[in-house]
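**Student:** sequence first, then the predicted structure:
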Amino acid sequence: MSKASDKMDLSPQARKLIDQHTRAIETQGDEIAKKLTSAGTVIAASCSILNLRARYMGAAGEHFSVQEYEGLQIVDALDERLLRAMKAVLAGYVERARKKPDAKALELLHGKLAPGPKEMPQYPVGYMVHFMLFSAIQAFEPLAEDGHGFETPALEIAMVHHLLAILDKYVVTREKPVTRHFSDVAREYSVVMRLKCTCGAEKFDVKLQALCQSSAGEPYDRLDLQCKECGTQRSITFDLPHFKDMYQI
């Protein structure tokens with residue numbers, strides 16, 4: 001593990017944005033959870049929660065580019081908080097309602113609303129999961145109108161379980177030892193894919209990935225990048241808070 005002291009931390013302004021919008025997400029989730037009366041209202045509530053992303057994307061964009069390192073760190077942190085809040089709302093309703101989905105209705109949704117949980121990457125990143133959930137909800141409305149031999153309430157119950165399965169798979173990668181670490185590493189490369197160079201290009205090559213250690217002994221990754229268009233070089237860093245988990249199995 002190489003030693004380094006050039007670790008980049010988020011600015012106070014960035015941390016403040018994360019804290020503010022985390023509270024807003026949690027408050028919205030708590031309020032929504034109180035008003036759920038049916039599977040249909042859960043699906044509508046899920047759409048409302050997913051739409052919160054536009055708020056913090058806009059807020060991040062006012063102060064930081066959402067195609068730059070700090071802006072992407074803010075959005076990714078809030079994506080995870082939003083998805084966890086949504087999982088809590090759906091799981092809470094499922095536990096209270098105790099309505100099992102029709103197996104054939106669930107199978108229909110898994111086939112018609114792909115990509116589903118089985119098609120997700122091994123270590124999905126928050127924005128990918130958000131897109132999958134939003135796409136599934138958009139595709140569900142015309143499917144429910146057609147019915148495919150099922151009553152709407154049966155399809156709605158199956159849909160809640162379908163969405164929860166997607167959220168469960170994502171959250172599992174963020175909670176278990178080892179998978180937390182590899183999930184963080186997967187996100188590093190997703191950040192590189194979304195970074196924009198000052199020349200306007202969105203194409204960086206990773207020239208070197210180095211495991212480093214801060215003066216406090218905390219591990220972090222440093223990625224040395226080079227723009228494919230203009231050749232500009234830069235380095236970005238990522239905390240690895242779960243690196244030591246790999247040795248606790």
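**Tutor:** Looks like it arrived, so ask away.

**Student:** mind checking the SS state of residue 212?
**Tutor:** The three-state assignment at residue 212 reads strand, by DSSP: H, G, I helix; E, B strand; the rest coil.

**Student:** er, residue 201 I mean
**Tutor:** Per three-state DSSP, residue 201 ends up coil.

**Student:** sec struct for the closest residue to it other than its chain neighbours, please.
**Tutor:** In space, and not counting its chain neighbours, residue 201 is closest to residue 229: 3.7 Å by Cβ to Cβ, 6 or more residues apart in numbering. In this view, the C-beta of every residue, glycine as well, is placed from N, C-alpha and C. For residue 229, the secondary structure call by three-state DSSP comes out as coil.

**Student:** what does the model give residue 229 for pLDDT?
**Tutor:** Among the per-residue scores, residue 229 holds a pLDDT of 92.

**Student:** gap between it and residue 204?
**Tutor:** 9 Å (Cβ to Cβ, to the nearest Å).

**Student:** those two: which has the busier surroundings?
**Tutor:** The neighbour comparison of residue 229 against residue 204 (other Cβ atoms under 10 Å) goes to residue 204, with 24 against 13.

**Student:** sorry, back to before: identify the contacts common to residue 229 and residue 204.
**Tutor:** When contacts are counted by Cβ atoms under 8 Å, 6 or more residues apart in numbering, the set common to residue 229 and residue 204 consists of residue 197.

**Student:** who's in contact with the residue nearest to residue 201?
**Tutor:** Per Cβ under 8 Å, 6+ apart, neighbours of residue 229: 197, 199, 200, 201, 203.

**Student:** most neighbours among those, which one?
**Tutor:** residue 197 (20 neighbours).

**Student:** leaving out chain neighbours, which residue sits closest to that one?
**Tutor:** Here the residue nearest residue 197, using Cβ to Cβ, 6+ apart, is residue 227, at 4.2 Å.

**Student:** quick one, what contacts the one you found?
**Tutor:** By Cβ under 8 Å, 6+ apart, the neighbours of residue 227 are 197, 199, 201, 203, 204, 233.
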